[in-house]
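Peer 1: Here is the input, now give the coordinates:
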Amino acid sequence: MPRLRILTWHIHGSYLYYLTQAQHEFFLPVKPGKPEGYGGRLGHFSWGDNVHDIAAEDVRHQNFDCILFQSRRNYLQDQYDILSPAQQQLPRLYLEHDPPREHPTDTQHVVNDSEVLLVHVTHFNNLMWDSGSTPTCVIEHGVKVPAGVGYTGDLAKGIVVANGLRSRGRRLGADLFDRVRQTVPLDLVGMDAESLGGLGEMPHGQLAQFQSRYRFFFHPVRYTSLGLAVCEAMMVGLPIVGFATTELATVVENGVSGYISTCVDQLIAQMQQLLADPALAQRLSKGARTQAQQRFNLDRFTRDWDAAFDRAMARQLAISS
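Peer 2: Numbers count the residues shown, from 1 in each chain. Have a look, this model is predicted:
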């Protein structure tokens, strides 16, 4: 398809990094002080030459092919603050990163517009949101790890990767993390991890190599979208241990790529088994990596995004005709 000029906001750095692997030009509005959504090319990412910062006040004077919203604020406020009236009529997509928060089944999505394509990152999210008349599609995650990085599992510990775990509380399982680490050795990596006795933030480009030595990856989350950190850990080959909720229940197969359950004590017992049996962990590692390579490969991800952009462009053309 033709190379598009796409305006979007910096909402989730890791996702944006993978999204910009698509062969298009991405423009990120920036404001002084870098408030929410206006950080541009920030973070420890190897941004490509196709990712451009643009001053927010200059956005309305530029030419774009489509607009990609990534948050409620983008859709309800930011577009009216920085886009021209003509730009507000361009082909539009809304990337929904999360399941509904207010109620898991009866929440209407902020977008209720037949002219906007709503992109969900998991089938669970698409199932739970009430999307009204808005057309939807699902694009599952795509990730990559540096060449030559592979699982060793020689460190008899589990690793948890989560940003702001303490402040995000029960939803991300801060209490479950604390409960498990009373009997299972765990290291926590991510923003503000130090406040829970963790190791702190790890540059994205170094995380795959760093976590490859851990015996397993623990995902303490109760209710969120499927974390990119889980997909990246699986691509390295870490067995995944987590709760059988949201999309994770379709990703991890018990005894093949890790263990999932809604019983904390059962997961603790399985973690302890992995610590005691490195051969078992090696076998699950192979299953995790195979699943990740099949389901979360980056080529499929970028093809799906190309199809979504093409669908939005064609829909707008049909509406205008």
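Peer 1: domain parsing for this structure?
Peer 2: The record's domain split for the chain, according to automatic domain parsing, is 5-142+298-320, 155-295.
Peer 1: any idea how far the residue sitting nearest the centre point of the chain is from Cys66?
Peer 2: With distances taken as CA atoms, centre = their mean, the residue of the chain nearest its centroid is Leu228 (4.1 Å). Here Leu228 is placed at a distance of 23 Å from Cys66 (CB to CB, to the nearest Å). For glycine as for every other residue, the C-beta is placed from the backbone atoms N, C-alpha and C.
Peer 1: which residues touch Gln270?
Peer 2: Val241, Tyr259, Ser261 (CB atoms under 8 Å, 6 or more residues apart in numbering).
Peer 1: Point me to the helix or strand that includes it.
Peer 2: Mapping Gln270 onto the secondary structure by DSSP states H and E places it in helix 264-276.
Peer 1: Mind checking the pLDDT average for that helix?
Peer 2: Regarding helix 264-276, the rounded mean pLDDT is 98.
Peer 1: Where does the prediction get shaky in the stretch 151-300 of the chain?
Peer 2: Nowhere does the stretch 151-300 of the chain drop to pLDDT under 70.
Peer 1: Compute the distance between the spatially closest residue to His12 that is not a sequence neighbour and Leu19, please.
Peer 2: Spatial nearest neighbour of His12, excluding adjacent residues (CB to CB, 6 or more residues apart in numbering): His97 at 5.9 Å. Remark: distance between His97 and Leu19 (CB to CB) = 11 Å.
Peer 1: For the residue nearest to Tyr214 when sequence neighbours are not counted, list each beta-bridge partner.
Peer 2: Across the structure, with CB to CB, 6+ apart as the measure, the residue nearest Tyr214 apart from its sequence neighbours is Ile159 (4.1 Å). Partner residues in beta bridges with Ile159: Asp187, Phe217, with DSSP bridges as the criterion.
Peer 1: Render the CA-only coordinates of stretch 236-251 in PDB, please.
Peer 2: The C-alpha coordinates for stretch 236-251 follow below in PDB (Å, rounded to 0.1, in the frame of the first residue of the first chain):
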ATOM      1  CA  VAL A 236      12.600 -14.700  24.600                       C
ATOM      2  CA  GLY A 237      11.400 -18.100  25.800                       C
ATOM      3  CA  LEU A 238      10.400 -17.500  29.400                       C
ATOM      4  CA  PRO A 239       7.700 -19.700  30.800                       C
ATOM      5  CA  ILE A 240       4.700 -17.600  31.800                       C
ATOM      6  CA  VAL A 241       2.900 -17.900  35.100                       C
ATOM      7  CA  GLY A 242      -0.200 -15.800  35.600                       C
ATOM      8  CA  PHE A 243      -3.900 -15.500  36.200                       C
ATOM      9  CA  ALA A 244      -6.500 -17.000  33.900                       C
ATOM     10  CA  THR A 245      -8.200 -13.700  33.300                       C
ATOM     11  CA  THR A 246      -8.800 -11.500  30.200                       C
ATOM     12  CA  GLU A 247      -6.800 -12.500  27.100                       C
ATOM     13  CA  LEU A 248      -4.000 -14.300  28.900                       C
ATOM     14  CA  ALA A 249      -6.300 -17.300  29.300                       C
ATOM     15  CA  THR A 250      -6.000 -17.800  25.500                       C
ATOM     16  CA  VAL A 251      -2.300 -17.200  25.300                       C
END
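Peer 1: Just checking the distance from that stretch to the centre of its chain.
Peer 2: Its chain's average C-alpha position is 14 Å from that of stretch 236-251, according to CA atoms, centre = their mean, to the nearest Å.
Peer 1: One more: stretch 174-184?
Peer 2: Averaging C-alpha positions (CA atoms, centre = their mean) puts stretch 174-184 24 Å from its chain's average.
Peer 1: Return it as PDB; C-alpha atoms alone will do.
Peer 2: The C-alpha atoms that make up stretch 174-184 are tabulated as PDB, following Å, rounded to 0.1, in the frame of the first residue of the first chain:
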ATOM      1  CA  ALA A 174       0.300  -5.300  43.500                       C
ATOM      2  CA  ASP A 175      -1.200  -7.200  46.400                       C
ATOM      3  CA  LEU A 176      -0.700 -10.500  44.600                       C
ATOM      4  CA  PHE A 177       2.900  -9.700  43.800                       C
ATOM      5  CA  ASP A 178       3.500  -9.000  47.500                       C
ATOM      6  CA  ARG A 179       1.800 -12.200  48.600                       C
ATOM      7  CA  VAL A 180       3.700 -14.400  46.200                       C
ATOM      8  CA  ARG A 181       7.100 -12.900  47.000                       C
ATOM      9  CA  GLN A 182       6.800 -13.900  50.600                       C
ATOM     10  CA  THR A 183       7.500 -17.500  49.500                       C
ATOM     11  CA  VAL A 184       8.900 -17.200  45.900                       C
END
